[in-house]
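Asks: Give the three-dimensional model of this entry:
(one chain, ligands or ions: 1)
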Amino acid sequence: MTRKQRTPRWLEAARLRGAGTPEGERADWLSRALGRAGVMPRAEAERAILEGRVELNGHITREPFAPVGPDARVRVDGEPQRLQAPTRAVMLHKPGGLVVHGSDPEGVGTVFEHLTARLSPALRGFEWLAVGRLDRDTTGLLLFTNDERLVRHATAPQTHLPKRYVARVAGRPGDAAMGRLRDGVVLDDGLTRPAQARLREPDVVELVLTEGRHHQVKRMLAAVGHPVVSLHREAVGDVVLDVAEGAWRALREDEVAQGLRFAAAP
Ligand code: URA
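Replies: Numbering: from 1, shown residues only. Purely as a prediction, here's the structure:
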């Protein structure tokens with residue numbers, strides 16, 4: 001599915017002001033840059049800026065969308081802050097019931113609330129972005145990062161990062177159904193890529209997909225006549241879930257670089 005490209009909010013704001021805009025891939029707006037660098041999460045940064053606690057290049061700014069480049073000088077409450085931050089990532093063992101949305105109109109609880117309430121103080125200043133989605137009832141490995149480039153990389157259709165799911169299904173899939181899962185299933189958004197599929201138990205299917213379409217596992221299994229009863233994600237790339245349900249841990253640099261095949265530019 002193609003996503004409509006939106007003009008970034010900092011760019012819209014800068015255009016409205018007639019201000020110059022920073023150049024380059026890491027160009028950003030102030031509140032988001034503070035969240036990415038781990039100074040404070042974006043909503044908190046917006047409040048601090050509006051309260052006049054943030055200086056940009058020697059002047060107080062009350063503009064959360066003020067454009068910033070990599071060389072911007074920023075102080076918060078008089079303290080100099082670095083806007084450069086390495087790519088960070090954490091894994092969460094998502095429990096069932098939480099939604100992977102920023103907003104939560106039904107009040108069921110979000111993975112963001114769950115994670116930020118448990119993070120160590122050193123990681124609480126970051127704005128955490130979910131790397132892809134899991135349905136509300138799906139459990140298992142959900143990754144978060146401060147770096148939107150890692151989100152784009154890991155979710156881009158052309159990256160083909162394998163994702164391993166285990167689904168308990170209705171009925172007992174036979175050879176024909178398993179073969180169809182492997183070869184490709186026609187869904188309403190087209191044929192799925194070849195996948196690895198095997199039975200772990202008569203009604204438990206392990207499926208490794210290299211694309212990430214909306215509700216893909218549930219749609220594929222429904223299409224071969226075995227609707228999903230419960231779904232769990234075990235691995236993304238070579239990163240395997242290894243914490244208890246509800247718990248999190250930080251990923252090591254090599255897990256991000258090799259496990260997720262992400263070579264971040266500085
Ligand atoms: N496929 C689904 O159908 N649901 C998920 O949560 C993840 C993959």
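
Asks: all contacts plus neighbour counts: C-alpha atoms, from now on.
Replies: Will do.

Asks: Write out the residues of the stretch 51-200 of the chain neighbouring the ligand.
Replies: In this structure, the stretch 51-200 of the chain approaches the ligand at residues 134-135, 138, judged by C-alpha under 6 Å from any ligand atom.

Asks: ranges for the strands of the stretch 101-250 of the chain?
Replies: With DSSP state E, counting those that start in this stretch applied, the stretch 101-250 of the chain shows strands at 129-130, 139-145, 163-169, 186-187, 190-191, 196-201, 204-209, 228-236, 239-240, 248-250, listed in chain order.

Asks: Pick the most buried one from the ones you listed.
Replies: Across the strands of the stretch 101-250 of the chain, averaging neighbours per residue (mean count of other C-alpha atoms under 10 Å) puts strand 139-145 on top, at a mean of 25.

Asks: residue contacts, Val131?
Replies: Contacts for Val131 (C-alpha atoms under 8 Å, 6 or more residues apart in numbering) come out as 142-145, 150-151, 154-155.

Asks: Show me the two of these that sit farthest apart.
Replies: The largest distance within those, taken as C-alpha to C-alpha, falls between Leu142 and Leu150 and amounts to 13.5 Å.

Asks: Which pLDDT does the model give His101?
Replies: Among the per-residue scores, His101 shows a pLDDT of 88.

Asks: go on, Glu106?
Replies: According to the model's per-residue confidence, Glu106 sits at a pLDDT of 79.

Asks: what does Ala14 give?
Replies: In the predicted model, Ala14 carries a pLDDT score of 56.

Asks: Around the spatially closest residue to Arg53 that is not a sequence neighbour, count how many other residues there are.
Replies: For Arg53, ignoring the flanking residues on the chain, the nearest one in space by C-alpha to C-alpha, 6 or more residues apart in numbering is Asp77 at 5.2 Å. With neighbours defined by other C-alpha atoms under 10 Å, the count for Asp77 comes to 10.

Asks: next one: the one 10 residues further on
Replies: A total of 21 residues lie near Thr87 under the criterion other C-alpha under 10 Å.

Asks: That one: helix or strand, and which one exactly?
Replies: When elements are defined using DSSP states H and E, Thr87 is found to belong to no helix and no strand.

Asks: Counting neighbours, what do you get for the residue in the chain that the ligand sits nearest to?
Replies: Residue of the chain nearest the ligand, by C-alpha to the nearest ligand atom: His215 (3.1 Å). The number of residues packed around His215, counting by other C-alpha under 10 Å, is 11.

Asks: now it, nearest residue through space, not along the chain?
Replies: Spatial nearest neighbour of His215, chain neighbours left out: Asp135 (7.4 Å); criterion: C-alpha to C-alpha, 6+ apart.
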